[in-house]
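# For reference, the sequence and a predicted model appear below.
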Amino acid sequence: MKKILSILLALSMLLSLSAAAFAEGETTEAPAAEAPAAEAQTTEAQTAAMLNELFGTDSVKEEDVAEFLNSLGNLFGADAAEKTAKAHEITSASYPLYLESDPTGTELTLYFLDGVTDLPYIEINDWMALFGSFYETADASISFDLKAEGPIVTCTRHNTNPEADDNLSPVTFDFDENYIEFMDYNLFTLRATSATPLDTVTMSTFNEAGEPTLLQKVDTGSFYRYGDALRFDLAAYDIDLIQQDGLYLIPMATLSDIFMPNTMFGNLYFNGKYVFLSGNTEGCADVYYDVPTGERSEALTEYGYNELCLMLDYFYGLKDVHGIESFGQLFHNVGFDQILKGPEVKQADAAIYRMISDFLDDGHSAWHAFSYLTGPVDYKAVGLSRGRLGDHMDRQMEARAKFYPDGVPGYEEIGNTAYITFDQFISDLSLQPEDYYHLDEHKDIDKNDVFALLIKAHEQITREGSPIENVVLDLSCNGGGADNVAAYVTAWFLGECCISNVDQMTGAMSTGVYKADVNLDRVFDEKDNLGGRRLFCLESPFSFSNGNYVPCAFKESGKVTLLGRTSGGGSCNVLVANSPWGTSFQISANTRVSFLKNGSFYDVDRGAEPDAVISTPEKYYDRAALTDFINSIY
């Protein structure tokens, strides 16, 4: 009987101690430094010591207790070892938040697990406060709230307009099954300035008085088709969400990769000293690299590889045409997986560079900079396709310089033909759309502000007694630029601009139809167009991105004659990206620009074929001869 009572007493003590092992650990405030090694014995060691003392023996070992706990857990339907492993030592610290290289004056609290200080987590309440700040507008129309029920946290987006499509759009975080699921990703992350998801035009199209400015979206022809629900299956990539001590912790890089693409604020970077909001690290290099170089922790190395694969699998927009089933498989096939998982950070960074230059090799995917752990390194590897684009650019630029050694003018008249030339779709970012209605009447035509250039060019072309019969848009050296500007240019030439987008990730589709106010009378009518004049566009193999989209739109319209060589493609938007250890780069995003024909979407990646070939780059810029050729076209 005494022996039975002793065993029952031991079992009671063991159950009590095992319950402590299952309990979640305490959260402590601590600076982001390596945690000292724990001096206290483990729960298993304490239990073994007490049992040995109780029975007067030294035969009970720590591993025996661990095995017993595991068997006991299995008996009652719970894996005790797993539950013990889920109890983390959590520390936290606050870090200054920078916007590019400028301090914001605020700090962001980051959390760290088990003494690992290079893999930051963000508590979900802190995250939604930061994310919500990206949607702050004068009318405070967008807000978010959180509701937690055990391991499930739901965040709901609210719009002050109850009829708005994005109102009540939710995202669910499951901290048990490790996934993040959006009912409609495009609606939840819709920019506050966008009328609909996938909207190409992101600038404000009304002034404070409610008057229209520069662009007007037309209801007829514009539509949006909703995408599917989207689940980011973190468990499939061995990425854990942490629920412990009343905290809901998510890796900062996971939040950045999933939530930041539509915010226009770039990504989140952490260098152990500061947190950065930046499109890439080139703009904040002095501060970003102002820390010691070093190695990644084992935890960051493992998580970083998995998160990199997740981000690329979900967001890279050209997986199908590149034959990429998954990036984990691609990295394995080309021998990069062991490098990315290896101890050398510089080699891991270089593997990302080589992935972009050798295996993606599209014009929108590009390298920016090495991780802070590597430090700034001058490393060059240009892929075949990007190398060809560069060669085409050099040929066009060199040929143009022979005819225009002092630079080509933005607007030029040769006889009865007007030439408008600019190499990027850019505008003066210090100006709001309303400001163009109040510009100095005699402001010089500036090809570095395409809005102003077109306004002045239209004024010249349509002036009383104008000799202009042909209008030529020269995009032969145009490498792309802002969608707002491209829409304005296209609407001016065609009378309206129709831009379609397809989201490869969610399946959402949209078409936006816009008209341009070029004569600045706030009326969108035929006076903003070029009348019965003949329209031409010069394109070359260097005409890329929006420099490619505009010729494709012209080609589909049947209203513009294309001259030159097939344009250079580039159908996807750009997604700025970074590795969890701080490598900075960009990729072709999940949204593809397309044109709509016979109710179908066709992406523009293959370029627009010319109606008449120009055989050499020099012949693009001999404008006297080119004007004669244009006039000879029947």
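Here it is on my side, so go on. Residues are numbered from 1 along each chain as shown.

# Okay, strands next: where are they in the stretch 451-600 of the chain?
Taking DSSP state E, counting those that start in this stretch as the criterion, the stretch 451-600 of the chain contains strands spanning 470-474, 497-503, 509-516, 534-539, 561-564, 572-578, 584-597, 600-603.

# Let me know which of these is the nearest to residue 245.
Residue 245 lies closest to strand 572-578 among these, at 29.4 Å (C-beta to C-beta). Any C-beta I mention is one placed from the backbone N, CA and C, and that applies to glycine too.

# Tell me which of the strands of the stretch 451-600 of the chain approaches residue 277 most closely.
Judging the strands of the stretch 451-600 of the chain by C-beta to C-beta, what sits closest to residue 277 is strand 572-578, at 11.0 Å.

# just to revisit the earlier point, got a markdown table for the strands of the stretch 451-600 of the chain, with mean neighbour count, distance to residue 156 and mean pLDDT too?
What follows is the strands of the stretch 451-600 of the chain, written out as a markdown table (neighbours: other C-beta atoms under 10 Å; distance: least, C-beta to C-beta, whole Å; pLDDT from 0 to 100):
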| stretch | mean neighbour count | distance to residue 156 | mean pLDDT |
| --- | --- | --- | --- |
| strand 470-474 | 24 | 46 | 98 |
| strand 497-503 | 23 | 22 | 90 |
| strand 509-516 | 23 | 23 | 91 |
| strand 534-539 | 24 | 47 | 97 |
| strand 561-564 | 23 | 48 | 97 |
| strand 572-578 | 23 | 26 | 90 |
| strand 584-597 | 22 | 24 | 86 |
| strand 600-603 | 16 | 31 | 75 |
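
# Tell me which of those sits nearest to residue 147.
strand 497-503 (27.5 Å).

# Adding distance to residue 459 as columns, could you present the strands of the stretch 451-600 of the chain in CSV?
Listed next are the strands of the stretch 451-600 of the chain as CSV, based on distance: least, C-beta to C-beta, whole Å:
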stretch, distance to residue 459
strand 470-474, 13
strand 497-503, 20
strand 509-516, 14
strand 534-539, 18
strand 561-564, 24
strand 572-578, 32
strand 584-597, 30
strand 600-603, 35
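
# closest one to residue 127 among those?
Short answer: strand 572-578, nearest of the strands of the stretch 451-600 of the chain by C-beta to C-beta, at 17.2 Å.

# Just want the angle from that closest one to strand 584-597.
160 degrees (axes from the mean of the first three to the mean of the last three C-alpha atoms, to 10 degrees).

# and strand 572-578, what other elements does it pack with?
helix 252-259, strand 267-270, helix 298-315, strand 584-597 (3 or more C-beta pairs under 8 Å, 6 or more residues apart in numbering; DSSP states H and E).

# looking at it, residue 252 is touching residue 121, isn't it?
Yes - in this structure, residue 252 is within contact of residue 121 by C-beta atoms under 8 Å, at 6.4 Å.

# still on that earlier bit, out of the strands of the stretch 451-600 of the chain, the one nearest residue 307 is which?
Nearest to residue 307 among the strands of the stretch 451-600 of the chain is strand 572-578 (10.3 Å), distances taken as C-beta to C-beta.

# what separates that closest one from the chain centre, distance-wise?
4 Å (C-alpha atoms, centre = their mean, to the nearest Å).

# what does stretch 592-606 rub up against?
Contact partners of stretch 592-606, identified using C-beta atoms under 8 Å, 6 or more residues apart in numbering, comprise 200, 317-318, 321, 498-502, 504, 509, 511, 548-549, 552-553, 556, 566, 569-573.

# could you point out where the chain is predicted with low confidence?
For the chain, applying pLDDT under 70 flags the ranges 1-48, 50-56, 60-86, 138-140, 195, 380-383, 441-446.

# circling back: now for residue 252 and residue 121: what residues contact both?
residue 110.

# These two: who's more crowded?
residue 121 (27 against 22; other C-beta atoms under 10 Å).

# check contacts around residue 143.
132, 135, 157, 158 are the contacts of residue 143 under C-beta under 8 Å, 6+ apart.

# moving C-terminal of the helix or strand containing it, what's the next helix or strand?
Using DSSP states H and E, residue 143 falls within strand 142-149. Next along the chain after strand 142-149, taking DSSP H and E as the criterion, comes strand 152-159.

# Strand partners (parallel or antiparallel) of the helix or strand following that following strand?
Downstream of strand 152-159, the next assigned helix or strand under DSSP H and E is strand 170-174. Using DSSP bridges, strand 170-174 pairs in its sheet with strand 152-159 (antiparallel), strand 179-182 (antiparallel).

# so which of those is the most packed in?
strand 179-182 (a mean of 20; mean count of other C-beta atoms under 10 Å).

# Touching that one from outside, list them.
169-174, 188, 229-235, 254, 258.

# From the chain's centroid, how far away is that strand?
18 Å.

# likewise stretch 192-212?
Distance, centroid of stretch 192-212 to centroid of chain: 21 Å (C-alpha atoms, centre = their mean).

# Same question for that stretch: list its buried residues.
For stretch 192-212, burial by neighbour count (16 or more other C-beta atoms under 10 Å) applies to 192, 194, 196, 197, 198, 199, 200, 201, 202, 203, 205, 212.

# How about the contacts made by the fourth one?
Neighbour list for residue 197: 186, 187, 190, 224, 503, 508, 510 [criterion: C-beta under 8 Å, 6+ apart].

# Confirm for me that the fifth one is in contact with residue 509.
Yes - taking contact to mean C-beta under 8 Å, the distance of 7.4 Å between residue 503 and residue 509 places them in contact.

# Identify the contacts common to those two.
In contact with both residue 503 and residue 509: residue 198, using C-beta under 8 Å, 6+ apart.

# Work out the gap between stretch 170-189 and the centre of the chain.
Worked out by C-alpha atoms, centre = their mean, stretch 170-189 lies 18 Å from the chain centre.

# Pull out the buried positions in it.
Result for stretch 170-189 [16+ other C-beta under 10 Å]: buried residues 170-175, 178-189.

# Stretch 94-102 now?
95, 97, 98, 100.

# how close does the second one sit to residue 252?
Distance of residue 97 to residue 252, computed by C-beta to C-beta, to the nearest Å: 12 Å.

# got it, and the first one?
With distances defined as C-beta to C-beta, the gap from residue 95 to residue 252 amounts to 11 Å.

# Need the residues touching each of the two.
110, 270, 275.

# ok, and the closest non-adjacent residue to the first one?
The shortest distance from residue 110 to any residue that is not its chain neighbour, by C-beta to C-beta, 6 or more residues apart in numbering, is 4.0 Å, and that residue is residue 120.

# Test my guess that residue 490 contacts residue 555.
No - taking contacts as C-beta under 8 Å, residue 490 lies outside contact range of residue 555: 11.8 Å.
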